[in-house]
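Peer 1: sequence plus the predicted model coming up.
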Amino acid sequence: MSALPRPAPDRAAVEAIVARLRAAGCVFAEDEARLLIDAGGELEALVARRVGGEPLEQILGWAEFRGLRVGVAPGVFVPRARTAELVDAALPLLRAAGARPVDAVPDEADRPAPVLVDLCCGTGALGLACAREVAVQLVAADIEPAAVACARLNLGSAAERGDRVPGGASTAVAAGSATPTARGAGTPLVYRGDLFDALPDALRGTIAVLLANVPYVPSDAVATLPLEAREHEPRRALDGGADGLDVLRRVVARVPEWLAPGGHVLMETSAAQADPALQALAENNLAGRLAGSGEHGTTVVIGTLSSPCAR
């Protein structure tokens, strides 16, 4: 016998929830109260989790990202609204690389869809948002097992699956090719591993656009982040090293061998980090420029492979 629906809390109860959330530092307490009430489940337990500092998105099980409802699991980095500007910058580059609208009628004369890689993918939100608009051969990767599992769910239960850990070989679990080679969009692939070590070697020199949502908070500043980030998201998804650019430099040092000629890498930084990030691009044969600074004031760093890389 199914449980009876939970009665909606009365006005006084709602106001009490809002007051508790506001006292806990929730800026949008009224909106959060409504979402928690609508979520179902034991309301007191949900409110207690939020008051205790757990991210709202992890409690609800989803985050709104660029008009999409993206699944978020406990312990997984929550996609930020400001990071949507990476998608805004990537879409024109994908279209220039030949990506068709997702609703376009396939044409046998069309070349294969461009390869898009979502590195440090977390929930897979960046790749998902791009793939909802243009046809791409999508590959995602993250070092965190919980993030990989979450991205696989978000990118579709039919996704082919593989893991590559340091010192080990890539293992394809589902049937089919471990590399997206078919004409058209193909099936999203999600891998586990440390940056490029996660990716199949066959992708070298083929990537049209690589999105890398690298951590860029300086180590000394991690302690100043909100409790919900410090306590409930992976440290290595936040901590970018002494000046915040350690992981960015690791990506930039290796990305030329993975990009197709004229391919692009896109990353988010703070405005103060833009100049050293552009310097890192120049030192690795990448023509750099800045984008973003739209609604959320995001700084997007774009590097373009200026000449074919010796392989």
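Peer 2: Great, that's in hand.

Peer 1: the stretch 201-311 of the chain: helices as residue ranges?
Peer 2: Under the criterion DSSP state H, counting those that start in this stretch, the stretch 201-311 of the chain contains helices at 227-232, 246-254, 274-282.

Peer 1: tell me which of the ones you listed is the most buried.
Peer 2: Stretch with highest mean neighbour count among these: helix 246-254 (a mean of 20; mean count of other Cβ atoms under 10 Å). Every residue, glycine included, has its C-beta placed from N, CA and C.

Peer 1: helices and strands around that one, which ones?
Peer 2: Using 3 or more Cβ pairs under 8 Å, 6 or more residues apart in numbering; DSSP states H and E as the contact definition, the elements that helix 246-254 packs against are strand 259-269, helix 274-282.

Peer 1: outside of stretch 83-92, which residues touch it?
Peer 2: 65-66, 116, 125-126, 129-130, 133-134, 209, 211, 213, 264, 266-268, 291-296, 298, 300, 302 (Cβ atoms under 8 Å, 6 or more residues apart in numbering).

Peer 1: out of the helices and strands packed on helix 246-254, which comes closest to residue 33?
Peer 2: strand 259-269 (30.6 Å; Cβ to Cβ).

Peer 1: which elements pack onto that closest one?
Peer 2: Short answer (3+ Cβ pairs under 8 Å, 6+ apart): strand 259-269 packs on helix 84-96, strand 207-212, helix 246-254, strand 286-292, strand 299-305.

Peer 1: so it versus helix 274-282, what angle?
Peer 2: Computed by axes from the mean of the first three to the mean of the last three Cα atoms, to 10 degrees, the angle separating strand 259-269 from helix 274-282 equals 160 degrees.

Peer 1: neighbouring strands - and their directions - for strand 259-269?
Peer 2: Taking DSSP bridges as the criterion, strand 259-269 sits next to strand 207-212 (parallel), strand 299-305 (antiparallel) in its sheet.

Peer 1: list the buried residues in it.
Peer 2: Buried residues in strand 259-269, defined by neighbour count with 16 or more other Cβ atoms under 10 Å: 259-260, 263-269.

Peer 1: give me the angle between it and helix 84-96.
Peer 2: Calculated by the same axes, to 10 degrees, strand 259-269 forms an angle of 160 degrees with helix 84-96.

Peer 1: first-to-last residue distance for stretch 214-225?
Peer 2: From the first residue to the last, stretch 214-225 extends over 16 Å; the measure is Cα to Cα, to the nearest Å.

Peer 1: okay, now the unreliable bits of the stretch 151-300 of the chain?
Peer 2: Applying pLDDT under 70 to the stretch 151-300 of the chain flags the ranges 157-186, 294.

Peer 1: what do you get if the cut-off is 50, keeping everything else the same?
Peer 2: 157-184 (pLDDT under 50).

Peer 1: just to revisit the earlier point, rebuild the helices and strands packed on helix 246-254 as JSON lines, extending it with distance to residue 90.
Peer 2: Below are the helices and strands packed on helix 246-254 laid out as JSON lines (distance: least, Cβ to Cβ, whole Å):
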{"stretch": "strand 259-269", "distance to residue 90": "6"}
{"stretch": "helix 274-282", "distance to residue 90": "16"}
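
Peer 1: closest to residue 250 out of those?
Peer 2: Nearest of the helices and strands packed on helix 246-254 to residue 250, taken as Cβ to Cβ: helix 274-282 at 9.9 Å.

Peer 1: for the closest one, list the C-alpha coordinates in PDB.
Peer 2: Backbone C-alpha positions of helix 274-282 (Å, rounded to 0.1, in the frame of the first residue of the first chain) are rendered in PDB as follows:
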ATOM      1  CA  ALA A 274      43.900  35.900 -16.700                       C
ATOM      2  CA  ASP A 275      47.400  37.200 -17.600                       C
ATOM      3  CA  PRO A 276      49.400  34.300 -16.200                       C
ATOM      4  CA  ALA A 277      46.900  31.900 -17.800                       C
ATOM      5  CA  LEU A 278      47.400  33.600 -21.200                       C
ATOM      6  CA  GLN A 279      51.200  33.400 -20.600                       C
ATOM      7  CA  ALA A 280      50.900  29.600 -20.000                       C
ATOM      8  CA  LEU A 281      49.000  29.200 -23.300                       C
ATOM      9  CA  ALA A 282      51.700  31.200 -25.300                       C
END
